[in-house]
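Undergrad: no sequence on this one, just coordinates:
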């Protein structure tokens with residue numbers, strides 16, 4: 001128990017955003033913060049522990065079960081700004097958990113995942129979000145400016161990935177591309193993250209960027225069902241992946257441009273865990289509106 005709430009590492013749904021928040025001054029030196037859904041009370045605890053430690057109540061869940069609330073005393077202007085930044089970011093970022101299409105295939109392989117936004121503005125139109133537009137130009141138009149902007153946004157978001165106390169030196173990797181793929185956006189974004197100084201602490205034992213190289217040829221996944229895709233990844237990763245650096249004991253952030261069903265991310269996370277990683281967290285540009293891949 002932490003602050004009166006049971007800690008759940010992953011979101012209680014396949015995807016979630018902060019739907020609503022309210023920071024209200026109730027006395028001269030007291031504020032109450034309300035977050036919906038209540039899972040974000042735990043996220044707040046993880047991301048802003050210094051502020052959370054000053055709560056006089058800890059996080060509580062309202063009788064409706066829909067809202068978490070906590071009372072804070074003597075908040076400074078800077079702390080209020082940090083709370084507002086938290087609410088702004090998680091009102092857009094999408095936290096990803098297990099979905100019904102891959103449930104049963106994976107267990108504790110991926111410890112958490114965050115997407116900058118959805119690919120489309122809603123489930124009915126084909127209008128891109130701002131992030132979706134950047135991915136389109138970076139991936140299909142080979143726009144360096146779009147890739148650099150995505151890299152900057154990922155560098156800001158990586159500190160918002162909830163890790164819930166997972167310890168270990170941190171490094172970056174990306175989903176393994178085909179051997180002969182010259183332009184690979186996840187690889188480009190990973191290199192940009194390192195260039196942008198995503199990690200402020202020096203790494204003693206690990207390279208900041210761990211590059212994977214597949215030994216066998218990677219087939220076209222576009223016509224495969226989710227079950228078939230999982231079996232292909234098992235075969236590919238089982239036949240051999242060469243990592244540019246070891247990951248034993250490390251916390252690895254895996255970069256990808258698009259998360260659909262999650263098969264690719266979860267499959268690679270399983271491989272990294274088997275290689276000794278203490279934690280694996282996904283950081284992706286965009287989440288599709290659905291949880292299926294191509295079929």
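TA: Thanks, I have it. Computed from a predicted model, the values in this text were never measured in an experiment.

Undergrad: now residue 117: closest residue in space, sequence neighbours ignored.
TA: residue 131 (4.1 Å; Cβ to Cβ, 6 or more residues apart in numbering). To be clear about C-beta, it is placed using only N, CA and C from the backbone, and glycine gets the same treatment.

Undergrad: just the strands in the stretch 51-200 of the chain please.
TA: 60-61, 68-73, 94-96, 112-118, 170-174 (DSSP state E, counting those that start in this stretch).

Undergrad: list the buried residues in the last one.
TA: I take that to be strand 170-174. Within strand 170-174, the residues that count as buried by 16 or more other Cβ atoms under 10 Å are 170-174.

Undergrad: list the contacts for residue 150?
TA: 116, 131, 134-135, 138, 189, 192, 285 (Cβ atoms under 8 Å, 6 or more residues apart in numbering).

Undergrad: quick check, nearest of the residues you listed to residue 57?
TA: residue 116 (32.4 Å; Cβ to Cβ).

Undergrad: next, give phi and psi for residue 32.
TA: Dihedral pair for residue 32: phi -120, psi 130, per degrees, to the nearest 10.

Undergrad: count the neighbours of it for me.
TA: 16 (other Cβ atoms under 10 Å).

Undergrad: beta partners of it?
TA: residue 24, residue 71 (DSSP bridges).

Undergrad: circling back: could I get the strands of the stretch 51-200 of the chain in a markdown table, plus columns for distance to residue 36 and mean pLDDT?
TA: Output for those, formatted as a markdown table (distance: least, Cβ to Cβ, whole Å; pLDDT from 0 to 100):
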| stretch | distance to residue 36 | mean pLDDT |
| --- | --- | --- |
| strand 60-61 | 10 | 96 |
| strand 68-73 | 8 | 97 |
| strand 94-96 | 14 | 98 |
| strand 112-118 | 19 | 97 |
| strand 170-174 | 30 | 95 |
